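Asks: pasting the sequence and the predicted coordinates here, then a few questions.
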Amino acid sequence: MPLEVAAAVILRPDGAFLLAQRPAGKVYAGWWEFPGGKIHGGESAEAALARELHEELGIDVRRAYPWITRLYAYEHATVRLNFFRVMDWTGDPHPRENQAIVWQRIDAPMAEPMLPANAPVLASLALPHEYAITDAESLGADFLFSRLAFRLGEGLRLIQVRDKKLPDRIGFAKKMVDLAHRHGAKVLVNGGPAIADGIHFTAQQLMQLDERPKGVLAAASCHTREELERAMKLEMDFAVLGPVQATVSHDAGRLLGWEGFAKLTCGASIPVYAIGGVTRADLERAWSCGAHGLAMISGSWITPPPDRAAARARGRA
């Protein structure tokens, strides 16, 4: 049986996260990891997280959200790492068990050596909390480019070109990529081709894939646990799951709801974005249900400015 561990990604508003160095006398002494520890028998992962962070760092958790779960086989043990993103706490983190700690940024040289189980976690952590999806067919290309320029200035950093019926779809996508890259944003094209930073696969394409493309971002749309399991098996960079709430194209009978979303996402090994009738005001609710963030069409282009939760998210993206 795997050793169950609660692990914390403690996030400051400036986007930095806390790493701890394993002290002398422990397995992998000197290696860096996310703070946390073993889950005791009969203890919930959330309770173990709060206990470990108090014991190790002298802080008390106020807001923590379930994130991803990674299984890794070390020589001495197989561990299941239940990651939480800790957004708010009381007290100043300080080492209480002779370990070194450091605030790390994803865009800075990484503390080394890092425990090998953490490599995919760092890649997932680099993903922003908003995944904007184009709809030039309904909104108009000119309007969309105008809004894209504005949103990129606000900090939007991940976009999917979904439109498939435009007369010059490839030209439209290339123009999107050019504008996005000037702001450091990445673009995935729905169904391919890989003319940008990656491919977003439909659920049907996902179930027919034998392996994910290498060297680019790979994401997929999912509606069921079976599809999400397939995305995890193929080690997609992330998945989009829904619809969560009512939209023009999805009636109430097909909705997951937040409870259904949380149930399907529980234990996912890759980041999952919530989609379907969501706006930036739903971000904190999505986090509480295990979502990495929100994937939106109209919500990214025509909703009012984000609330305070979304503003905090942009600071951490």
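Replies: Arrived safely. Model, not experiment: these values are computed from the prediction.
Asks: which stretches of the chain form helices?
Replies: With helices called from DSSP state H, the chain shows them at 45-57, 119-125, 136-139, 141-154, 169-181, 203-208, 225-233, 257-265, 283-288, 298-301, 308-316.
Asks: next, the angle helix 169-181 makes with the fourth one.
Replies: With axes from the mean of the first three to the mean of the last three Cα atoms, to 10 degrees applied, the angle from helix 141-154 to helix 169-181 works out at 20 degrees.
Asks: one step back: averaging pLDDT over each of the helices of the chain, which comes out lowest?
Replies: Among the helices of the chain, helix 308-316 has the lowest mean pLDDT, at a mean of 48.
Asks: which residues touch G91?
Replies: By Cβ atoms under 8 Å, 6 or more residues apart in numbering, the contact list for G91 reads L57, G58, I59, D60. Where you see a C-beta, it was placed from the backbone N, CA and C, and this is true even at glycine.
Asks: the last one and H54 touch, don't they?
Replies: Spelled out, that is D60. Yes. With contact defined as Cβ atoms under 8 Å, D60 and H54 form a contacting pair (5.9 Å).
Asks: of these two, which one has the most company?
Replies: Under the criterion of other Cβ atoms under 10 Å, the comparison of D60 against H54 puts H54 first, with 15 against 11.
Asks: distance of the more buried one from G37?
Replies: Separation of H54 from G37 (Cβ to Cβ, to the nearest Å): 11 Å.
Asks: so what sits against both of those two?
Replies: Among the neighbours of H54, none is also in contact with G37 (Cβ under 8 Å, 6+ apart).
Asks: now the strands for the stretch 51-200 of the chain?
Replies: Secondary structure of the stretch 51-200 of the chain by DSSP state E, counting those that start in this stretch: the strands cover 60-73, 78-90, 101-104, 130-133, 158-161, 186-190, 198-201.
Asks: buried set for the third one?
Replies: Within strand 101-104, the residues scored as buried using 16 or more other Cβ atoms under 10 Å are I101, Q104.
Asks: that strand pairs with which strands, and in what direction?
Replies: Applying DSSP bridges to the sheet, strand 101-104 is found paired with strand 17-21 (antiparallel).
Asks: restrict the strand it pairs with to CA atoms and write it as PDB.
Replies: Output in PDB follows, covering the C-alpha atoms of strand 17-21 (Å, rounded to 0.1, in the frame of the first residue of the first chain):
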ATOM      1  CA  PHE A  17       6.000  29.200  -3.000                       C
ATOM      2  CA  LEU A  18       7.800  27.600  -0.100                       C
ATOM      3  CA  LEU A  19      10.200  24.700  -0.300                       C
ATOM      4  CA  ALA A  20      11.900  22.900   2.600                       C
ATOM      5  CA  GLN A  21      15.100  21.000   2.600                       C
END
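Asks: fine by me, thanks again.
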